[in-house]
Structure formats: structure tokens, C-alpha cells
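**Q** with the input below, show me the fold.
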Amino acid sequence: VDVGWRATADAAGDVVLDDQRAAAPTARTSAVAPSAAPDPIAREVYGHRFMAIATQMGAALERTATSVNIRERRDFSCALFDATGDLIANAPHMPVHLGAMGETVRALLAAHPAPPPGTSYACNDPAAGGSHLPDITVITPVHDAAGALSFIVANRGHHADVGGLTPGSMPPHARSLADEGVVLRHLPVVVDGQLAVDAIRAALAAGPHPARAPADNLADLAAQLAANQLGARLVADAIAASPPGELRAYFGHVKDHAHALAVRALAALPPGVHRFADALDDGSPIVVTATVAGDRLRLDFTGTAAAHPGNLNAPRAVAVAAALYVVRALVDAPIPLNAGFLRALELIVPPGSILDPPAGAAVAAGNVETSQRIVDVLLGALGLAAASQGTMNNLTLGGPTWAYYETIAGGDGVIRELALLAPAEIALIAQRHTRAPFGLAGGEPGQPGRAFLDGAPLGGAAHVRAAAGAVLRIETPGGGGHGARSSPT
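**A** Numbering: from 1, shown residues only. Got it, this is the predicted structure:
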């Protein structure tokens, strides 16, 4: 029975709950003052409420977006942040967005320390916490009645196209960020409460390779803004229904709880220094030295390849997201993903490396492919899992005015075969075609992937034009094995 309630059994055997608290008529009372130690029950209630807000934002975005990527592939994430940009709750949407979106929010606050009320911003710049250009983050700062920044809601969604060399903005052979589409850096998309249509259209038309379907981008941005408005309203309702200061106090308490759970999970890992290395298909090494010491996990990526001349560079925010994902996976508890998990981490990512490339470097494949190699080496270093298929098998099809993008599953490996009904440009970005997913603890490697167009091999990075009637076949990799096979008896 919760604090402040009494349970009794009546003559019929029914349990009767009586509220014993002296409640004020305009606000819910609390057994815990905001400055006191958190009540575990209230912490769970608030944690689930924060997660529910982010989840409802995602449901609204999914229902109202135009892009198949958002509406059907569900390539989006929604989150709630405090006024400093710390992540409070990220719904369990797209893992690679998890830590990266917080980097974008903090970059916005660094550029605009006092964002005015009634303003929302859009950003996809990898140098400001972006993952790759099709992923556009929409950030809405929310203010209290006095005009002070109170909290922030944000979401990141993968748009069907933002320009670039190929339809779908995932060109396999990009050499610079300009090859991948238009760059939005904290673009005000709402000003004084009004959608800045002209400014958005001008930004989407900029650069050497502008967006192919700006009307679709506008529709998806409107859906993202609607999701943020819902999140802002839900948080405001929660604040109004709570005693003064309590909800914001539990912003901190849920982060503290996440940190405590992360520390407990680290205590179960083998202490010491663990080094692991793997490589991308072109031989670029991804190296990590994981040091488990007490309540800290130090992840040092020294030895990893220098910045890639192509598009396999992963923005530093993606490396943060991968590390956060691994730590969150260690914690077997239904709590919101938040910034508290990061307190247990120390990340060393060499500047100028493939995991922290210079501004202007191409990153389309790094977000979707190199990110997976980071997770593989982290789990391998900690002895927790063999390699996954290690690729998203990114397939884009399109023409001058349309684009289609899908990612294809692995697991035991699948075969995806498509027959083109019309001419199309085909762009494929995939890994694990020449380097098989590694096994662990004596397990055998998984089967590499393959791709064919009308029976002719394509390789893992391909850009071709195909006629109507062509047949594209993609065989995805399988995961590596874990543990030696038993001898027959």
C-alpha cells in the first residue's frame, strides 16, 4: 500500500483503500518534499510517466508523418530533456539516436543559450550532434509562465530524401558531406509560434544537391513539431498535477537511479583491461580498450582508423550512442534511458579518427554501418556477445522525384529479392561482405552477405541504374556463434 493510504477489509471481504493524506484541492500532495531523498515508489511512477510521454510523442509522429521511413520503418526517436540538455527519458525507438540526440540538444543550447519562447529548431549537422543528413532533429524549448526555460522536447526522424548524389540521400561513394545533401544547423523552423515555411524551403533548396521532394520534408517536419507540441503539453500537465518543484526534482532522481543501476551492472563485469579489435570491410580497424575499475567503465578507442576518405565516418555523437546502448543493455530493469547511464562512462575518442571526423566529412554509412561495428567490438571486449550481422543492408531506390529506403534484417540471414517495375537508381550500403561476423568463446563466424543484380555480383557498396524488369537479390549476413560446438557422442 502506497504511503499515505490505508487498506482495510470489509465484512464482504473486499479491500477498501482510504486516502489518509490532507490533500489541497488544487494539487496532488506528496509524501516526499522535493529536496528530500526520493521515494522509490514515486521515482518509479515518475520514471514511467516520463517514458510514457516520450512514447506518446512517438505514436503521434508515427501516425502523422509522410515518410515511409518514419511511418512504417519507425526510424525515429522521441525524448524529453531538462533545461540543461540532459536526457531524462528516451522512448525505446531507434538505438543509434539514443545518445546522439542529446549531443544535438546541447549544441543548440551552446549556440542559443536563451532560446526564445515560441521557437523550434531543426538540425542534421554531424558537427552538432547529428547522425547523418537524412536524420533531422526537431528541438522545442519549453518555457514557464515567467519565460524561463523549463524543459526541452525533441525528436529525430529519418526523412526520405534531403538531397545528395542519389535519391534517398545515402550515396555509397560520397566523398564529402555536400555529396550527401543539405545541411541544417539549428535552423529556426518555428518563429513566434509560426511555421517558417519560406526559410525551410530556402534551406532545402541550398547547396549543390538540394532536396528532391521539399513538400514531403515540410510534411514530416510538421509531424515532428506536432509530436513535440504533444510532449510539451503532457509535461506541462504533469507539472500542474504535481506539488511545486516535485516533478523537476524527479528529473534528477531518475538520472541518479539510472547511474546506480549502471554501477551495479558494471560490478558484474570482469574487472581489468580488455582490448578488442575488428575491421570494416575495407580493412579500417575499429579498436577499443575497455577498462572496468570499480564503478567506472573507461572506453578508449585509440588505435582506431583515421578519418575515412569516403562515407564510413561516424560522428562522435554516434560513438556516444553506441556506448550508451551497450551500458543500457547491461541493465536489466524497465527504467527510462537517460543521461544517468553516461555518468558511469569515460569515453576517449581520438579527434580526427573515423569515430570523430573533421567537419565536412561524409558520414552516411558511418551512422548505419560503423556504428554497428562499435557495438560489436564493445560487446566483444566485455566478452558478452559474438558479432551480430553488423550491417543494416541499406537499400535506396529512386528517380528524379521519388525515393524509397529500406533496411534489411539479419539474424540467421535472410534473402530479399525485388523485381523492378520501372527504371530506378539503386544504391546499396552494406558491410560484412568480405569480413564475416566474428564468433566468440570458440564460436564460429557467421556467413558473410552478398548482393546481385540480375545474377551479377554488386558488392557491399554499389550505385547502379537498372531497367524495368531487373531483379535485385540481397543475402544478408548471419551472426557469429558463441561457445564451442559439443563433440558428438
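
**Q** so, low pLDDT: which residues of the stretch 251-400 of the chain?
**A** For the stretch 251-400 of the chain, applying pLDDT under 70 flags no range at all.

**Q** can you pull out the strands in it?
**A** For the stretch 251-400 of the chain, applying DSSP state E, counting those that start in this stretch gives strands covering 272-279, 285-293, 296-300, 345-348, 394-398.

**Q** which residue ranges of the stretch 101-250 of the chain form strands?
**A** 120-123, 135-143, 149-158, 187-191, 194-195.

**Q** can you add mean neighbour count, mean pLDDT and distance to Pro171 and give those strands back as CSV?
**A** Placement of C-beta: from N, CA and C, glycine included. Converted to CSV, those look like this (neighbours: other CB atoms under 10 Å; pLDDT from 0 to 100; distance: least, CB to CB, whole Å):
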stretch, mean neighbour count, mean pLDDT, distance to Pro171
strand 120-123, 25, 98, 21
strand 135-143, 25, 97, 15
strand 149-158, 27, 96, 15
strand 187-191, 19, 98, 23
strand 194-195, 12, 96, 30
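
**Q** which of the ones you listed sits closest to Val292?
**A** strand 149-158 (31.0 Å; CB to CB).

**Q** backbone phi and psi for the residue nearest the centre of the chain, please?
**A** In the chain, the residue lying closest to the centroid (CA atoms, centre = their mean) is His97, at 1.2 Å. The phi and psi values for His97, taken as degrees, to the nearest 10, are phi -80, psi -10.

**Q** separation between the residue lying closest to it once chain neighbours are set aside and Leu109?
**A** Closest residue to His97 apart from its sequence neighbours, by CB to CB, 6 or more residues apart in numbering: Ser77 at 3.7 Å. The gap separating Ser77 from Leu109 is 19 Å, by CB to CB, to the nearest Å.

**Q** one more: Val318?
**A** Distance from Val318 to Leu109, by CB to CB: 20 Å.

**Q** ok, now Pro271?
**A** 37 Å.

**Q** of the two, give the one with the bigger neighbour count.
**A** Shown here are Pro271 and Leu109; by other CB atoms under 10 Å, Leu109 has more neighbours (19 against 11).

**Q** now do the same contact list for the more buried one.
**A** By CB atoms under 8 Å, 6 or more residues apart in numbering, the contact list for Leu109 reads Thr84, Gly85, Pro115.

**Q** what helix or strand does the residue nearest to Ala91 when sequence neighbours are not counted sit in?
**A** In space, and not counting its chain neighbours, Ala91 is closest to Ala54: 3.8 Å by CB to CB, 6+ apart. Assessed by DSSP states H and E, Ala54 sits inside helix 40-64.

**Q** using PDB, write out every CA atom in the helix or strand encompassing the residue nearest to His97.
**A** Assigned by DSSP H and E, Ser77 falls within strand 76-82. Extracted C-alpha coordinates of strand 76-82, given in PDB (Å, rounded to 0.1, in the frame of the first residue of the first chain):
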ATOM      1  CA  PHE A  76      12.700   7.900 -35.300                       C
ATOM      2  CA  SER A  77      13.200   8.700 -31.600                       C
ATOM      3  CA  CYS A  78      11.400  11.000 -29.200                       C
ATOM      4  CA  ALA A  79      12.800  12.300 -26.000                       C
ATOM      5  CA  LEU A  80      12.500  14.600 -23.000                       C
ATOM      6  CA  PHE A  81      15.400  16.700 -21.700                       C
ATOM      7  CA  ASP A  82      15.800  19.000 -18.800                       C
END
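
**Q** avg pLDDT for that strand?
**A** Average pLDDT, strand 76-82: 95.

**Q** just checking, Arg6 touches Val15?
**A** No - using CB atoms under 8 Å, Arg6 is not in contact with Val15, being 10.7 Å away.

**Q** ranges for the helices of this protein?
**A** For the chain, the helices defined by DSSP state H cover 40-64, 68-71, 100-111, 197-204, 214-240, 246-267, 316-330, 364-365, 371-381.

**Q** could the ones you listed be laid out in TSV, adding distance to Leu458?
**A** Below are the helices of the chain laid out as TSV (distance: least, CB to CB, whole Å):
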stretch	distance to Leu458
helix 40-64	32
helix 68-71	22
helix 100-111	30
helix 197-204	31
helix 214-240	28
helix 246-267	41
helix 316-330	26
helix 364-365	15
helix 371-381	20
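
**Q** so which of these is nearest His308?
**A** helix 364-365 (8.6 Å).

**Q** out of the strands of the stretch 251-400 of the chain, the one nearest Arg248 is which?
**A** Per CB to CB, nearest to Arg248 of the strands of the stretch 251-400 of the chain: strand 345-348, 24.8 Å.

**Q** contact partners of that closest one?
**A** Arg296, Leu297, Arg298, Leu299, Asp300, Phe301, Thr302, Ala319, Val320, Ala323, Leu324, Val327.

**Q** and it, how far out from the chain middle?
**A** 19 Å (CA atoms, centre = their mean, to the nearest Å).

**Q** what pairs with that strand, parallel or antiparallel?
**A** Partners of strand 345-348 in the sheet, by DSSP bridges, are strand 296-300 (parallel).

**Q** could you check the angle the partner strand makes with strand 272-279?
**A** Angle of strand 296-300 versus strand 272-279, following axes from the mean of the first three to the mean of the last three CA atoms, to 10 degrees, is 30 degrees.

**Q** so what touches strand 296-300?
**A** Against strand 296-300 from outside (CB under 8 Å, 6+ apart): 266, 269, 288-291, 323, 327, 344-348, 378.

**Q** which parts of it are buried?
**A** Leu297, Leu299, Asp300 (16 or more other CB atoms under 10 Å).
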